[in-house]
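>>> need coordinates for the following:
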Amino acid sequence: MKRGCLLVLLGASLVGCAGHSPQLQRNHAYVVEWIGERPLMDYSHLTVTFDDGGRAYGNGGCNHWFAPYTLDGDKLTFGPIGSTRKACAPALMEQEQRFFNALQTVQRWDVSPIEQVRFWPAEGLPLRLWPEES
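Numbers count the residues shown, from 1 in each chain. Just a heads-up that it's a prediction; the model follows:
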């Protein structure tokens, strides 16, 4: 009897989740872990935040950045990126430029089986991000 009740409860909980589609959170930072095929340098901190007005912004590792974005279902694109103009170590500047270039090629997003957010370019590997812990 207990086993039958457990299966019924499990089945009911799965039905409740079947229509759930992931959403990008607004006004909450995502932390970048990988840019395409390369992980971030140690101690660098790159972020992406989406506001309610169609503007994305964050930290590029050296400079603060901002750009318009368009989100329609799983389609995601970024407009021209602007940033502050602080100079940092050459390796950090190179990584930041790769990040900005990668954002410009994003065409869609999804959530991986391990619940990591991925921004997919037309070709190649995605940017991989985690929601920042509060």
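
>>> which residues touch Glu37?
If you count contacts by C-beta atoms under 8 Å, 6 or more residues apart in numbering, Glu37 has them with Gly124, Leu125. Bear in mind the C-beta positions are built from the backbone N, C-alpha and C, glycine included.

>>> can you rerun that using 6 Å?
Leu125 (C-beta atoms under 6 Å, 6 or more residues apart in numbering).

>>> can you check Glu132 too?
For Glu132, the contacting residues are Ala29, Val31, taking C-beta under 6 Å, 6+ apart as the criterion.

>>> got phi/psi on it?
The main-chain torsion angles of Glu132 are listed as degrees, to the nearest 10 and equal phi -70, psi 140.

>>> what does the pLDDT read for it?
At Glu132 the predicted local confidence, pLDDT, stands at 92.

>>> for Gln104, see how far away it is.
Spatial separation of Glu132 from Gln104 under the definition C-beta to C-beta, to the nearest Å is 23 Å.

>>> gap between Arg98 and Phe119?
13 Å.

>>> more crowded one of the two?
Shown here are Arg98 and Phe119; by other C-beta atoms under 10 Å, Phe119 has more neighbours (24 against 17).

>>> give me the phi and psi for that one.
The phi and psi values for Phe119, taken as degrees, to the nearest 10, are phi -110, psi 120.

>>> so it sits against Val106, correct?
Yes. Phe119 is within contact range of Val106, at 4.5 Å (criterion: C-beta atoms under 6 Å).
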